[in-house]
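Peer 1: I need the structure of the sequence given here:
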Amino acid sequence: MKTNITRTGGVLLAVGICVWLSQAFGQSATTTVTTTNAAFTQYVPASETVVVKNESSATPLRYVVSKQTRVVDETGAPVALERISPGSPLSIQYTGTGDRLVASRIVVQRPAGVTTAPVTNGAAMTEQQTTTTTSRPLTREERHALKEQREHPEREAKREAEKEKEALEKAKDRLDDDKH
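Peer 2: As a prediction, this is how the structure comes out:
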């Protein structure tokens, strides 16, 4: 009996020491997420790298892009890396330092003003037009409606057709009422 108590006490002591050691010497990893603003230069699909030019750095910066990297526009809608125009302003959230920068989120920002020049036919003279758009963040309902329009255009077309049908029926009913 005394042997069993001694063995049990020794086992409990050993377990307690193991637990204490794992807590005392356990490593805690902290990840720092940094955000930088830069201009998009190119996307290299073979190495899954986004190259950007930053005003504070003389050399282009390279960010590794993985499947977990979210690439979105200012409204939060997904954007394909292949569709980003060179020179587009980006806001990049990343981890790492030195040569190993891993992007976790890339936000493609819209330029402040959009400048367009109409096409002319030789001697015709036209003005250059500049459009500036002020935007506000979309509400949850607006984002949902836009997502529905993008993902299910046939639903939107069906809704429009139903609205037109209802309007025609109402107009027909009014004409019938006017005749009587």
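Peer 1: okay, CA-based contacts and neighbour counts for the rest of this
Peer 2: Fine.
Peer 1: Make sure Asn37 is actually in contact with Ser91.
Peer 2: Yes - with contact defined as C-alpha atoms under 8 Å, Asn37 and Ser91 form a contacting pair (4.5 Å).
Peer 1: quick one: contacts of the strand or helix carrying Lys147?
Peer 2: Lys147 belongs to helix 140-151 when assigned by DSSP states H and E. Helix 140-151 is contacted by residues Thr75, Arg155, Glu156 when judged by C-alpha atoms under 8 Å, 6 or more residues apart in numbering.
Peer 1: Looking at those residues, which is nearest Thr139?
Peer 2: Thr75 (9.7 Å; C-alpha to C-alpha).
Peer 1: so the closest one, which of the three states?
Peer 2: Three-state call for Thr75 (DSSP: H, G, I helix; E, B strand; the rest coil): coil.
Peer 1: Can I get stretch 165-180 as CSV, trimmed to CA atoms?
Peer 2: Coordinates of the C-alpha atoms in stretch 165-180 are reproduced here as CSV (Å, rounded to 0.1, in the frame of the first residue of the first chain):
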residue,chain,number,x,y,z
LYS,A,165,-44.9,43.0,-67.3
GLU,A,166,-46.6,44.5,-64.2
ALA,A,167,-46.4,48.0,-65.6
LEU,A,168,-48.0,46.9,-68.9
GLU,A,169,-50.8,45.1,-67.0
LYS,A,170,-51.5,48.3,-64.9
ALA,A,171,-51.5,50.4,-68.1
LYS,A,172,-53.9,48.0,-69.8
ASP,A,173,-56.2,48.0,-66.8
ARG,A,174,-56.3,51.8,-66.7
LEU,A,175,-57.1,51.9,-70.4
ASP,A,176,-59.9,49.4,-69.9
ASP,A,177,-61.3,51.5,-67.0
ASP,A,178,-61.2,54.6,-69.1
LYS,A,179,-63.2,52.9,-71.8
HIS,A,180,-66.0,52.0,-69.4
